[in-house]
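A.B. asks: let me see the structure of the following:
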Amino acid sequence: SLKPFWLECFWLTAEQRSRHQANQPLLTMVARLTYRRQCRYNTKSNKQRILKTPGGKLVYQAVAKTTKGPKCGDCGKTLIGLPRLRAKEYRRLKNREKRVSRAYGGSRCAGCVRSRIVRAFLIEEQKCVKQVLAEKLSQAKEQTGGKKKGKK
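C.D. replies: Numbering: from 1, shown residues only. Next comes the predicted model:
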């Protein structure tokens, strides 16, 4: 026959009672909490976390939304080394906290900066090659006489 829990524990020793209570599911009362702001619904902008005060009370604490963070302007990847803050909080930061110490830091990712530098270098090299070829061509024309008649 099933006896109530308190009746079973009544006949047990203190050691047996503590061992018996460890096997029983804990039934605790949950504190009913109310929102501390005016919005009374569980919406995206009204997320809360439960916090225990030094006095032992449980209260709600409002949780700010997290952002996706700054992205690279070229490839769209998330930039590393920068905080993920709301737009208003970025205004309060110092300049050194808003960017990375590199060319295009805080605007473009390292891979995109590298590709930009390589692209600029190759374009300059191409201009130099073009100029050298043009000089060679002009020298070749001077040596052959350079008299070619074109159609009018």
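A.B. asks: quick one: mean pLDDT for stretch 74-92?
C.D. replies: The average pLDDT within stretch 74-92 is 92.
A.B. asks: and the contacts of that stretch?
C.D. replies: Stretch 74-92 is contacted by residues 64-72, 93, 97-100, 106, 108-109, 111-112 when judged by C-beta atoms under 8 Å, 6 or more residues apart in numbering. In this view, the C-beta of every residue, glycine as well, is placed from N, C-alpha and C.
A.B. asks: one more time with 10 Å, if that's ok
C.D. replies: With contact meaning C-beta atoms under 10 Å, 6 or more residues apart in numbering, stretch 74-92 is reached by 64-73, 93, 97-102, 104-113, 115-116.
A.B. asks: list the buried residues of it.
C.D. replies: Leu79, Leu82, Leu85 (16 or more other C-beta atoms under 10 Å).
A.B. asks: for the helix with the most length in the chain, name the packing helices and strands.
C.D. replies: Scanning the chain for the longest helix, with DSSP state H as the assignment, gives helix 110-144. Helices and strands touching helix 110-144, by 3 or more C-beta pairs under 10 Å, 6 or more residues apart in numbering; DSSP states H and E: there are none.
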